[in-house]
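Trainee: Quick check, what structure comes out for this input:
(one chain, ligands or ions: 1)
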Amino acid sequence: MFFDKEYECMPREALAAIQLKRLQDVVARVYDNVPYYQAKMDDVGVKPADIKELADIQKLPFTTKEDLRKNYPFGLFAVPMDEVVRIHASSGTTGQPTVVGYTKADIKMWAGLMARSLCAAGASPKDTIHNAYGYGLFTGGLGAHYGAEALGATVVPVSGGNTKRQVMVMRDFKSTVLLCTPSYALNLAETMVEQGIDPSEMALRVGVFGAEPWSENMRSEIQDKLGIKAIDIYGLSEIMGPGVSIECVEEQRGLHVMEDHFLPEIVHPDSFEPLPLGEKGELVFTTLTKQAFPVIRYRTKDFSRIITDECSCGRTFYRMEKVTGRSDDMMIIRGVNVFPSQIEHVLMSVEGVEPHYMIIVDRHGSLDTLEVQVEVSESLFSDKINTLENLTKQIQVEIKDLLGVSCKVTLVEPKSIQRSEGKAQRVIDKRKI
Ligand code: DLL
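Mentor: Next up is the predicted model:
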């Protein structure tokens, strides 16, 4: 089902024409209304009139989180504050939050794109949508909420936390669609079982999960535990919030980018040279239609590549490969680049451990140490020491094989690792504390 078939299935040529017109328009708007963008463009000698074709985007300077920080809080807004009707912010782990703003038209556009996304995930006005993304400055809650309403579904605005009550609400209201982070979906599944509710008694049929990286193995785990289809949704506050891209329920492979509103590019993560779309690199987005907070060539730090193959669902929007990590998440352990998602991949393929883990990095003398704590399943925990030792060894060997680093594996008691209520915190890097 489509929410906006005309756009979602538009021939690529017609789409390119719209993108070019919108790109020219947004570049002129930021040049005229945001002194910071004007100065950056003047520095490299580019004027809005130089954007004659889509490839000319490469003449424009990048925007980074640092630029947003320098202009904290409202310095990059392109409209007067009296036209701004909503503010969101992303907390970030260091320094100031990133602040973004929306006009009435931006909110309407966002709601439309979220409705499109939910539709692509298989939701319809008939659904009852349990929205457990956090409400507040985080874009997840309100972003998904307005989208669900625009779709015409019934939205249950539970937000994050109070997990036991959520399970009851979900069961009693017969919610059919679940929106939350993938780590919270696992927490909900576990809480259902603890409360003696078989997840199959729920009316749930699909989950739309995002806001943090999750592996294919984690998807299988969630699908099995909840008996639903798990769909990946991507977005970031700087570009809009949730709904920048979404998997279609038909393929569940690659996330269709809302290309009539966001222009994706892939650049080399170190040199920032543009890469061909099919190559893996850092994702860069330009917002084509946003009014209050347009962003030009925003370097997301997320790694992906663009899949240009046709999709069986009929959408012509290119897909981006599932984001498995961001450059910020990368840990360098004894010179080896390690992403938490790679460790997750190993853990989730091992029989006998639960999908709850913690990665602890430290330094002893000049040597980096890596410890992986993972919960053992209830049945194994009471098993013979021998079995547990073998399990530890197996995980160690598999991590060493995949990543080339040795690590300490600690099996911990079931339910001893803190459960997530939003974005999971899975790495403690003591070297940075
Ligand atoms: O997390 C927006 C969002 C809300 C997306 C709800 C999906 C669902 P921020 O808090 O600004 O916005 O964080 C954005 O989260 O740059 C990625 O690193 C990561 N991220 C978001 N979605 C995914 C995903 C929201 N599906 C940052 N897979 C992004 C992997 C994701 N990482």
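Trainee: Which parts of the stretch 51-200 of the chain are strands?
Mentor: Listed in chain order, the strands of the stretch 51-200 of the chain (DSSP state E, counting those that start in this stretch) span residues 84-90, 98-103, 128-131, 154-156, 177-180.
Trainee: so which of these comes closest to the ligand?
Mentor: In terms of C-beta to the nearest ligand atom, the element of those nearest to the ligand is strand 84-90, at 3.8 Å. Using the backbone N, CA and C atoms, a C-beta is placed for each residue, glycine as well.
Trainee: returning to what we had before: quick check: which of the strands of the stretch 51-200 of the chain is buried the most?
Mentor: Greatest average neighbour count among the strands of the stretch 51-200 of the chain goes to strand 177-180 (a mean of 30), per mean count of other C-beta atoms under 10 Å.
Trainee: Tell me the helices and strands packed up against that strand.
Mentor: strand 128-131, helix 182-194, strand 206-210 (3 or more C-beta pairs under 8 Å, 6 or more residues apart in numbering; DSSP states H and E).
Trainee: Out of these, which is the most enclosed?
Mentor: The highest average neighbour count among those, using mean count of other C-beta under 10 Å, belongs to strand 206-210 at a mean of 26.
Trainee: Is there proximity between whatever helix or strand comes next after it and the ligand?
Mentor: Sequence-wise, the next helix or strand downstream of strand 206-210 (DSSP states H and E) is helix 216-226. No. On the criterion C-beta under 6 Å from any ligand atom, helix 216-226 is out of touch with the ligand, staying 10.7 Å away.
Trainee: tell me the angle of helix 216-226 relative to strand 206-210?
Mentor: Here the directions of helix 216-226 and strand 206-210 differ by 140 degrees (axes from the mean of the first three to the mean of the last three C-alpha atoms, to 10 degrees).
Trainee: Tell me the gap between helix 216-226 and the middle of its chain.
Mentor: Distance of helix 216-226 from its chain centroid, counting by C-alpha atoms, centre = their mean, to the nearest Å, is 17 Å.
Trainee: how about it: buried residues?
Mentor: Neighbour counts over helix 216-226 (16 or more other C-beta atoms under 10 Å) mark 216-219, 221-222, 225-226 as buried.
Trainee: which parts of the stretch 301-433 of the chain sit against the ligand?
Mentor: Contacts of the stretch 301-433 of the chain with the ligand, taken as C-beta under 6 Å from any ligand atom, map to 302, 323, 326.
Trainee: Which of these fall in strands?
Mentor: residue 302 (DSSP state E).
Trainee: circling back to that earlier point, redo the helices and strands packed on strand 177-180 as CSV? Include mean pLDDT and distance to the ligand.
Mentor: Formatted as CSV, the helices and strands packed on strand 177-180 follow (pLDDT from 0 to 100; distance: least, C-beta to the nearest ligand atom, whole Å):
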stretch, mean pLDDT, distance to the ligand
strand 128-131, 98, 10
helix 182-194, 96, 8
strand 206-210, 98, 3
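Trainee: Direction included, what does the helix or strand where residue 233 lies pair up with?
Mentor: Secondary structure assignment for residue 233, by DSSP H and E: strand 229-236. Looking at strand 229-236 with DSSP bridges, its partner strands are strand 206-210 (parallel), strand 241-247 (antiparallel).
Trainee: Looking at these, spot the one closest to residue 23.
Mentor: Residue 23 lies closest to strand 241-247 among those, at 16.5 Å (C-beta to C-beta).
Trainee: got the angle for the closest one vs strand 84-90?
Mentor: Computed by the same axes, to 10 degrees, the angle between strand 241-247 and strand 84-90 is 70 degrees.
Trainee: sorry, back to before: what would the strands paired with strand 229-236 look like in CSV with distance to residue 258?
Mentor: CSV is the format used below for the strands paired with strand 229-236 (distance: least, C-beta to C-beta, whole Å):
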stretch, distance to residue 258
strand 206-210, 14
strand 241-247, 6
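Trainee: of all those strands, which lies closest to residue 411?
Mentor: Nearest of the strands paired with strand 229-236 to residue 411, taken as C-beta to C-beta: strand 206-210 at 26.9 Å.
Trainee: Helix 182-194 and the closest one, what's the angle between them?
Mentor: Computed by the same axes, to 10 degrees, the angle between strand 206-210 and helix 182-194 is 140 degrees.
Trainee: before we move on, back to that, can you lay out the buried residues of helix 216-226 as CSV showing pLDDT?
Mentor: Converted to CSV, the buried residues of helix 216-226 look like this (pLDDT from 0 to 100):
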residue, pLDDT
216, 93
217, 91
218, 92
219, 96
221, 94
222, 97
225, 96
226, 97
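Trainee: Which pair in these has the greatest spatial separation?
Mentor: Maximum distance among these (C-beta to C-beta): 16.1 Å, for 216 and 226.
Trainee: what sits against residue 105?
Mentor: Listed by C-beta atoms under 8 Å, 6 or more residues apart in numbering, the contact set of residue 105 reads residue 291.
Trainee: again, but for residue 16
Mentor: residue 54.
Trainee: quick check, it in a helix?
Mentor: Yes. Counting by DSSP: H, G, I helix; E, B strand; the rest coil, residue 16 is part of a helix.
Trainee: gap between it and the ligand?
Mentor: Per C-beta to the nearest ligand atom, to the nearest Å, residue 16 is found 26 Å from the ligand.
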